[in-house]
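>>> sequence and predicted model, in that order:
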Amino acid sequence: MSNTYVSERRYVHRLLGKAAVSEEVLIVTSYDYFLQKYDLALLLKKYKEIILIPHSSDDDYLLNHTVRPLLDKFEKIHLVTNPQYDKRNRVIYELVVRKNKSIRINTVYDFCEKILKKVYIPDDVSEINPNLFTIPVFGRRVRYPKKIIDVTVSIILFLFTLPLWILSYFRIKLESPGPVFFYQERVGINNTAFHCIKFRSMGLDAEQHGASFSKKNDTRAFAYGSFMRQSRIDELPQIINIFRRDLSLIGPRPERQVFTETFDETIPYYNMRHNIKPGITGYAQVMYTYGAGVYDARHKLMYDLYYIKNWTLALELKIILLTAVVIFKKRGR
């Protein structure tokens, strides 16, 4: 399905759901940065239209001259509110009630968690998500089944991929002088540092100008290194980290301290992802496309915190299956 943005008098963005199964319209009163392509595709199957109301210096004009005419088209309204926009929330509610239309209301926090299956992370560090006053640290009920999965899958994966370990050893030696394995310090559970092990995919001078995020189709990688990165073969030595108990199979991806320090300062609740062991793969890795930097780290955190807050065995197994799909399709990094 193709998603089409339609400008409505320069103020309101409308997304039209051609195959919608409901006559209901979704109105999001807060800035729409948290809605990704995957989210919109999901919502357009459910709603006739989606109306996204951006920042505005003139809410009265925006709501009365732009949103109000749109309300005449629908009998059912689903309003997603953000406390930061309390005035526009009240105005829309009054407009709907005055027209004797049906309305249901969710906060953006509940909407994200219940409908989109991710936790809303405010764009503004001063904003508070009441759903995140407490977030669990995995107890025995979670740790034991995760440990069984970690050890079982890791042993099977190591035996199954042993020929790739041997092939990679010789190809790396042939194409790039230096060690076969690459050790990089990462931040783990409770902010403790550990050395993450990978097959080396870049030259020895890859970070001669300082630490930087890896990129999709990174030019610093040699030929076989690029293939390893696309196929995730370079991640295989992290099985050793699982046996060392540094990593779990599933969890938030471990980052370098130079980046986590920045994210802690700019992204609300970022440090909560360190409540559990990081993982080789995770919910954010299978749900969010490749990206680097603060913007993408915030979006990935939405999925990481949902995983921590709503862990189930079914979710764990779903992530394993989706990871296999991502690897098979060689999608992003």
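Perfect, thanks for sending it. Numbering: from 1, shown residues only.
>>> contacts, neighbours, all on C-alpha from now
Noted.
>>> let me know the helix or strand that the residue positioned nearest the centre of the chain is in.
With distances taken as C-alpha atoms, centre = their mean, K300 lies nearest the centre of the chain, 2.8 Å away. According to DSSP states H and E, K300 maps onto helix 294-309.
>>> returning to what we had before: pretty sure the residue nearest to the centre of the chain is touching A284, no?
Yes: contact status for K300 versus A284: in contact at 5.0 Å, counting by C-alpha atoms under 8 Å.
>>> before we move on, the earlier item: pull out the buried positions in the helix or strand following the helix holding K300.
Reading on from helix 294-309 to the C-terminus, the next helix or strand found by DSSP H and E is helix 313-329. Across helix 313-329, burial judged by 16 or more other C-alpha atoms under 10 Å covers 316, 319-320, 322-323, 326-327.
>>> circling back to that earlier point, contact partners for the residue nearest to the centre of the chain?
Neighbour list for K300: 284-285, 288 [criterion: C-alpha atoms under 8 Å, 6 or more residues apart in numbering].
>>> which ones among these map onto helices?
Mapping the contacts of K300 onto helices (DSSP state H) picks out 284-285.
>>> circling back: ok, so of the buried residues of helix 313-329, who is nearest L162?
Distance to L162, by C-alpha to C-alpha, is smallest for I327 among the buried residues of helix 313-329, at 17.4 Å.
>>> returning to what we had before: need the contacts of K300 in a markdown table (columns: pLDDT and neighbour count).
Listed next are those as a markdown table, based on pLDDT from 0 to 100; neighbours: other C-alpha atoms under 10 Å:
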| residue | pLDDT | neighbour count |
| --- | --- | --- |
| A284 | 95 | 24 |
| Q285 | 92 | 23 |
| Y288 | 89 | 18 |
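>>> tell me where the model's unsure across this structure.
By pLDDT under 70, the low-scoring segments of the chain are 1-11, 18-22, 205-219, 291, 330-333.
>>> what's the domain layout of it?
For the chain, the structural domains run 5-116, 140-329, going by automatic domain parsing.
>>> any chance of those in CSV, with distance to N129 too?
Shown next, in CSV, are these (distance: least, C-alpha to C-alpha, whole Å):
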stretch, distance to N129
domain 5-116, 7
domain 140-329, 9
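>>> returning to what we had before: tell me how far the helix holding K300 lies from the chain's centre.
In terms of C-alpha atoms, centre = their mean, to the nearest Å, the centre of helix 294-309 is found 5 Å from the chain centre.
>>> buried residues of it, list them for me.
The neighbour-count check on helix 294-309 (16+ other C-alpha under 10 Å) flags 297-309 as buried.
>>> quick one: it to helix 313-329, angle?
For helix 294-309 against helix 313-329, the angle by axes from the mean of the first three to the mean of the last three C-alpha atoms, to 10 degrees is 140 degrees.
>>> so V80 touches T29, yeah?
Yes: the criterion here is C-alpha under 8 Å, and V80 meets it with T29 at 6.3 Å.
>>> for the two, indicate the residue with more neighbours.
T29 (24 against 21; other C-alpha atoms under 10 Å).
>>> so what's the more buried one up against?
52-54, 79-82, 85, 88-89.
>>> look up how far Y303 lies from it.
Distance, T29 to Y303, by C-alpha to C-alpha, to the nearest Å: 22 Å.
>>> same deal with N106?
According to C-alpha to C-alpha, N106 and Y303 sit 20 Å apart.
>>> same question, A297
To Y303, A297 is 10 Å away according to C-alpha to C-alpha.
>>> cool, R88 as well?
Distance, R88 to Y303, by C-alpha to C-alpha: 28 Å.
>>> can I get the buried residues of helix 294-309 in CSV with distance to E261?
Output for these, formatted as CSV (distance: C-alpha to C-alpha, whole Å):
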residue, distance to E261
A297, 12
R298, 14
H299, 17
K300, 16
L301, 15
M302, 18
Y303, 20
D304, 18
L305, 18
Y306, 22
Y307, 22
I308, 21
K309, 23
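>>> this completes my enquiry, with thanks.
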